[in-house]
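Peer 1: A predicted structure for the sequence below; I have some questions about it.
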Amino acid sequence: FDVGNLYINRAITGSLVSRQPFGGHRLSGIGRKAGGSGYLEQFMVEKIITENTLRRGFAPTQ
């Protein structure tokens, strides 16, 4: 096997958030950790949305 952590017949990792990190395959010692400051960001896609707040009314329909 080529794994970071291997649990057999065990439903949980038993690790403590921010103390005993577990990040998955080959990431158990590096990378973003559950409960860490950057954990949620790895599941997001950055997107910039702008809105013209000076415009009033609706755009004319054609």
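Peer 2: All right, it came through fine. Residues are numbered from 1 along each chain as shown.
Peer 1: Where does pLDDT dip in the protein?
Peer 2: Confidence mapping of the chain against pLDDT under 70 gives the ranges 1-7, 10-36, 62.
Peer 1: Now with 90, please.
Peer 2: The model of the chain has pLDDT under 90 over residues 1-46, 49-62.
Peer 1: Look up how far residue 61 lies from residue 45.
Peer 2: 32 Å (CB to CB, to the nearest Å). Where C-beta positions appear, they are placed from N, C-alpha and C, glycine not excepted.
Peer 1: repeat for residue 47
Peer 2: Where residue 61 is concerned, residue 47 sits at a distance of 28 Å (CB to CB).
Peer 1: can you check residue 42 too?
Peer 2: Distance, residue 42 to residue 61, using CB to CB: 42 Å.
Peer 1: and residue 37, what helix or strand is that in?
Peer 2: For residue 37, there is no helix or strand it lies in under DSSP states H and E.
Peer 1: Can you get me a residue count around residue 37?
Peer 2: Applying other CB atoms under 10 Å, we find 9 residues neighbouring residue 37.
Peer 1: Please disregard the earlier target; I meant residue 56.
Peer 2: Using other CB under 10 Å, residue 56 has 6 other residues around it.
Peer 1: In three-state terms, label residue 42 for me.
Peer 2: With DSSP: H, G, I helix; E, B strand; the rest coil as the basis, residue 42 sits in helix.
Peer 1: Cool, thanks, talk later.
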